[in-house]
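>>> turn this into a structure:
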Amino acid sequence: MSSKVISITSNQHFKSTVTSSTYTVVDFYADWCGPCKQISPIFEQLAGAESKPGKIVFCKVNVDNQKDVAQTYGISAMPTFLVLRGTSVIETIRGANPTALRTAILSAAASAAKGPAKSSASFSGAGKTLGSSDGPSTGNRTVQAPSVDFGALLASPASFSQGRGLPHTIVRFLGLYFSTLFSLESAKAAEESPFAVKTRQGQRVG
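Numbers count the residues shown, from 1 in each chain. Predicted coordinates:
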């Protein structure tokens, strides 16, 4: 048997195998089943090519030795192949059908390749924000937007532009831009504009 194919030894072993990867491809077989033996090399070949830890794994379940696992999925004919995403069955192939088996496995492998690998260990707890203290992050962060006095802005845009802060700077910039846009002497127009920064004794007013 290929080293890429896990031989299930117990119900708990099966559960841990399924939870260790995003996708699990399961071969339900019996030692006395002729078709099972015929398709087994193809299954092992696909497992060797497509198995990726944490993303897609392959396992074999002997229905005579692991009856609990077989009964969980209602296996009544061999071979039966199941493609699982987590514990949910997304594809079932009954019988020794190499084409259907290959198509199902390649489709699952392609989907598995798009997503992140599933961690083999489970961790729980509150997250942290980069740059935060050692305490757990609540996950919520409030950003206070700058307040704007729209009454003052509408009443006198030029006076409003003399204030400090981002809104005042934006109004001042727009005012100076439009004041000089159609002027032949841009520098003089900017100096005489009511939006120009007012200074007194070398210092800014406001």
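>>> give me the element residue 82 is part of.
strand 80-85 (DSSP states H and E).
>>> again with residue 26
Assigned by DSSP H and E, residue 26 falls in strand 23-29.
>>> buried ones in the next helix or strand after that strand, by neighbour count?
Counting by DSSP H and E, the next helix or strand C-terminal to strand 23-29 is helix 34-50. Neighbour-count burial for helix 34-50, with 16 or more other Cβ atoms under 10 Å as criterion, is recorded at 36, 39, 40, 42, 43, 44, 46, 47, 50. C-beta coordinates here come from the backbone N, C-alpha and C atoms, glycine included.
>>> show me the two of these that sit farthest apart.
36 and 50 (20.0 Å; Cβ to Cβ).
>>> what residues does stretch 81-98 touch?
With contact meaning Cβ atoms under 8 Å, 6 or more residues apart in numbering, stretch 81-98 is reached by 18-19, 22-28, 35-36, 38-39, 42-43, 73, 77, 79-80, 100-101, 104-105, 107-108.
>>> filter these down to the buried ones.
The neighbour count (16+ other Cβ under 10 Å) marks 18, 22-28, 36, 39, 42-43, 73, 79-80, 101, 104-105, 108 as buried among those.
>>> list the contacts for the spatially closest residue to residue 46 that is not a sequence neighbour?
Leaving aside its sequence neighbours, residue 46 sits nearest to residue 105 (Cβ to Cβ, 6 or more residues apart in numbering; 4.9 Å). Residue 105 makes contact with 25, 46, 50, 83, according to Cβ under 8 Å, 6+ apart.
>>> got CSV for those residues, with pLDDT too?
Compiled in CSV, the contacts of residue 105 are given as follows (pLDDT from 0 to 100):
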residue, pLDDT
25, 97
46, 96
50, 94
83, 97
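>>> tell me the one among the residues you listed nearest to residue 9.
Distances from residue 9 to the contacts of residue 105, taken by Cβ to Cβ, are shortest for residue 25, at 17.7 Å.
>>> one step back: with distance to residue 64 added, can I get the contacts of residue 105 in CSV?
Output for the contacts of residue 105, formatted as CSV (distance: Cβ to Cβ, whole Å):
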residue, distance to residue 64
25, 20
46, 24
50, 27
83, 23
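>>> which of the residues you listed sits closest to residue 67?
residue 25 (20.5 Å).
>>> contacting residues around the closest residue to the closest one other than its chain neighbours?
Once flanking residues are discounted, residue 25 sits nearest to residue 58: 4.8 Å by Cβ to Cβ, 6+ apart. Contact partners of residue 58, counting by Cβ under 8 Å, 6+ apart, are 4, 5, 6, 24, 25, 26, 27, 43, 46, 47, 50, 51.
>>> 6 Å instead?
The contact partners of residue 58, taken as Cβ atoms under 6 Å, 6 or more residues apart in numbering, are 5, 25, 47, 51.
>>> alpha carbons of stretch 93-103, as CSV, please.
Output of stretch 93-103 as CSV, limited to C-alpha atoms (Å, rounded to 0.1, in the frame of the first residue of the first chain):
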residue,chain,number,x,y,z
ILE,A,93,-18.5,6.7,-6.3
ARG,A,94,-19.9,3.2,-6.1
GLY,A,95,-18.1,0.4,-7.9
ALA,A,96,-14.7,0.1,-9.6
ASN,A,97,-15.1,3.1,-11.9
PRO,A,98,-11.6,4.6,-12.5
THR,A,99,-12.8,7.5,-14.6
ALA,A,100,-15.4,8.7,-12.1
LEU,A,101,-12.9,8.2,-9.2
ARG,A,102,-10.1,10.1,-11.0
THR,A,103,-12.5,13.0,-11.8
